[in-house]
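1. Fold the following, please.
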Amino acid sequence: MLLEPHPQLCVQRLSVGEEGAPVVVIDQLVREPERLLRKAGRLRFTPQGAMFPGVRARAPLSYEVFVEGVLRPLLDEVFGLPRDARLAFPMCHYSLVTQAPERLAFLQRIPHIDSTTALGLATVHYLFRAAWGGTAFYRHRGTGYETVDEARRDGYYAALEHEAKGEHAPATGYIDGDTELFERIASIDGVFNRMIVYRRNALHSGNIDSRRVPPADLQAGRLSINSFIDVKP
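-> Down below sits the predicted model:
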């Protein structure tokens, strides 16, 4: 599947929170995003991993090639990647949220990180047109952390373990704004054919309204392509 950048592709560079975590927002990413939807319709979606609240299917390798070609200059500039390093995609999947709010585990009801390395990046490419919410970034009130690296990891998870048993433990459902434990410091709308790029050690979560969970339908539901990007020497 040959993918091309949209002729009206537009890039915003954001700085999030007190720690100034970089986030890139790219609107009108793909020239013909409907081709990605048709491809998704030919795939078999299954549960993959304990954390994602839904089902996934592997995106085509051509999508990885396209993303690297479009993003590489931006990644070097915004995230300070070594210019001679290779990029790898340990994950690149279509993702469809389907899980009922009452079935979420503790770690699914709070913001999360995907890794502790500052060089590990994540992308979310929104492929839904309905108002199913975007992605938010958070500060943990107890520690003040907005990102969690190796030096912060043990202290952060020790604090979470304590809070999970306390009076302010998160209620059933998806997080979608401020809570007693977390403060939302930025929110980016989910817009059709928009991609966001951020460091995987930033505390983040999808914005999902527990009163209106998206249907398990590729055309009408909350479909995205989620990727992890690693830097290889």
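2. Spatially central residue for the protein, please.
-> Taking Cα atoms, centre = their mean, the centroid of the chain lies closest to V124, which sits 5.0 Å from it.
3. can you tell me which helix or strand it belongs to?
-> Assessed by DSSP states H and E, V124 sits inside strand 121-126.
4. From the rest of the structure, what touches whichever helix or strand comes after that strand?
-> Sequence order places strand 135-140 as the next helix or strand after strand 121-126, per DSSP H and E. Residues outside strand 135-140 that contact it (Cβ atoms under 8 Å, 6 or more residues apart in numbering): 16-18, 21, 23, 111, 124, 145-146, 156, 159, 175-177, 181-188, 190, 196, 198, 202-207. (Each C-beta comes from the backbone N, C-alpha and C, glycine too.)
5. Tell me the buried residues within those.
-> With neighbours counted by 16 or more other Cβ atoms under 10 Å, the contacts of strand 135-140 contain buried members at 16-17, 21, 23, 111, 124, 145-146, 156, 159, 175-176, 181-186, 188, 190, 196, 198, 202-207.
6. Restricted to helices, list those.
-> Counting by DSSP state H, the buried ones among the contacts of strand 135-140 place 156, 159 in helices.
7. Tell me which residues of stretch 103-122 come out buried.
-> Neighbour counts over stretch 103-122 (16+ other Cβ under 10 Å) mark 104, 108-116, 118-122 as buried.
8. which residue of the chain sits farthest from its center?
-> Distance from the centre of the chain peaks at E167, with 28.6 Å (Cα atoms, centre = their mean).
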